[in-house]
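Chemist: need coordinates for the following:
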Amino acid sequence: MKLLIIDSQAIYQEIVTWCADSKGLTSYVASDFNAAWEAFKELEPNIVVVDSIIDGGSAFELVRKIKKESGDRFCPVIFLSSNLDDFTMNNCFRCGGDDFIPKPFNEVLFNTRLSTHVKHASVVQELYRKNRDLTFYHKKTEVEHSMAKQVLSHAQRHNDSDDKFLQVTRLSATSFNGDIALVKKRLDGCRLVFVGDFTGHGLAASIGALPVTQVFFDSVEQQLPLQTIVSEINRVLYEVLPVHMFCAGYLLFITPSGEVTYWGGGMPDGLITNGTKTDRFSSNHVPLGVLSDTEFDDSVDSFYIDHSQTVFIATDGANELQNEQDVMLGDENLERLFVDSFNECKLMSDAHSLLVDKIINYKGLKTQKDDITLLLYRRETFS
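Modeler: Numbering: from 1, shown residues only. Purely as a prediction, here's the structure:
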């Protein structure tokens, strides 16, 4: 740690140097305004000791320049002065001085005051260092997150866009979404849909989307049976995920004629409504990635929808969403919002947008704690 002494009197230069040496500081001496200013810029000392009267200029103006030059860098200034009047002391502190010691001074007192400033400067230096480290790691994390987002986006590049028959919205609790929604229509007109919810949220949860995405789109291309697809997704996740992670999900195979075959594990009930009557379909299995190949149950269920009906699937972030009074939305209220949105809009895309707005309005200013994925599907019509 460096200490700059600015004083024209040799005796005080020696006394302060001796005190600095006893504290393990490296001291430098300047006798006038210009020499002091050049020394400060060159040396960037950690502490400055300056007499209130110096040759070649004003000590108060010099300290103002020192404080301005220091910027965010902490550099305490200790004034020494044989003038003890209020005017001098006031100027010492108004120009940026941090301490004032009258001349002649007691060496014990000066050492005590110097020790305090050394400790203070050391603490601030450490805080600055940690802040620089945090800034570096924050920027590094931002870059890594950007790369991860690009990888995830690239992996899902084959995902079908929303259309007038199928709409998906994903509301993230953080910059990364631990939910996944994959949709692909095959050449024969059948749709394959996967809605998944990985344990937790954020980057760690979203990483699981990579192997699922690969299996999903490979299976579409090969037109594999639903049971084969879900078994393969489970096998991959069982192998790659840590023991505390899994993926709740629905995998649906939808034909143009309205037949829906599905596998569900660990998810809230799905809904089917025509506006007046609402039915449920359940997720009866354990989540994906929990059981080994030999234990996994790939049995599927099915239902039929006509042109008046709409299917609704939501991850548990929706029914567990809290409002500003810490009240959860719940299954019944979520169903009511869905049915009301269905009845208020003719177009499914409008109903979907209205439902999203209703959910967001319910949350208000409350912080969202979990990712939310909403999917609506209405049976396609062919002319």
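Chemist: now do the buried residues in the strand or helix carrying T213.
Modeler: T213 is part of helix 209-222, with elements assigned from DSSP states H and E. For helix 209-222, burial by neighbour count (16 or more other CB atoms under 10 Å) applies to A209, L210, P211, V212, T213, V215, F216, F217, S219, V220. Any C-beta I mention is one placed from the backbone N, CA and C, and that applies to glycine too.
Chemist: any idea how far A314 is from the first one?
Modeler: It refers to A209. Distance, A209 to A314, by CB to CB, to the nearest Å: 18 Å.
Chemist: output stretch 264-278 as CSV - backbone C-alpha positions only.
Modeler: C-alpha atoms of stretch 264-278 as CSV (Å, rounded to 0.1, in the frame of the first residue of the first chain):
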residue,chain,number,x,y,z
GLY,A,264,-49.2,-38.2,-19.1
GLY,A,265,-47.0,-38.2,-16.1
GLY,A,266,-46.8,-35.9,-13.1
MET,A,267,-48.9,-33.1,-14.8
PRO,A,268,-52.1,-31.3,-13.7
ASP,A,269,-55.3,-32.5,-15.4
GLY,A,270,-55.9,-31.3,-18.9
LEU,A,271,-59.3,-29.8,-19.9
ILE,A,272,-61.6,-30.3,-22.9
THR,A,273,-64.5,-27.8,-23.3
ASN,A,274,-67.2,-26.8,-25.7
GLY,A,275,-68.1,-23.8,-23.6
THR,A,276,-70.9,-25.4,-21.7
LYS,A,277,-69.5,-28.8,-20.7
THR,A,278,-65.9,-29.3,-19.5
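Chemist: flag every buried residue along it.
Modeler: Residues of stretch 264-278 classed as buried by neighbour count (16+ other CB under 10 Å): G264, G265, G266, M267, P268, D269, G270, L271, I272, T273, N274, T278.
Chemist: let me know the closest of the residues you listed to N91.
Modeler: For the buried residues of stretch 264-278, the closest approach to N91 (CB to CB) belongs to P268, at 71.0 Å.
Chemist: E320 is in contact with the closest one, correct?
Modeler: No. Using CB atoms under 8 Å, P268 makes no contact with E320, being 9.1 Å away.
Chemist: in TSV: the buried residues of stretch 264-278, plus pLDDT.
Modeler: Output for the buried residues of stretch 264-278, formatted as TSV (pLDDT from 0 to 100):
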residue	pLDDT
G264	97
G265	96
G266	95
M267	96
P268	95
D269	96
G270	96
L271	96
I272	95
T273	93
N274	92
T278	94
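Chemist: export the residues you listed to TSV and tack on distance to G56 and secondary structure?
Modeler: Converted to TSV, these look like this (distance: CB to CB, whole Å; DSSP: H, G, I helix; E, B strand; the rest coil):
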residue	distance to G56	secondary structure
G264	84	strand
G265	82	strand
G266	79	coil
M267	79	coil
P268	79	coil
D269	84	coil
G270	84	strand
L271	84	strand
I272	89	strand
T273	87	strand
N274	92	coil
T278	88	strand
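Chemist: understood, closing this out.
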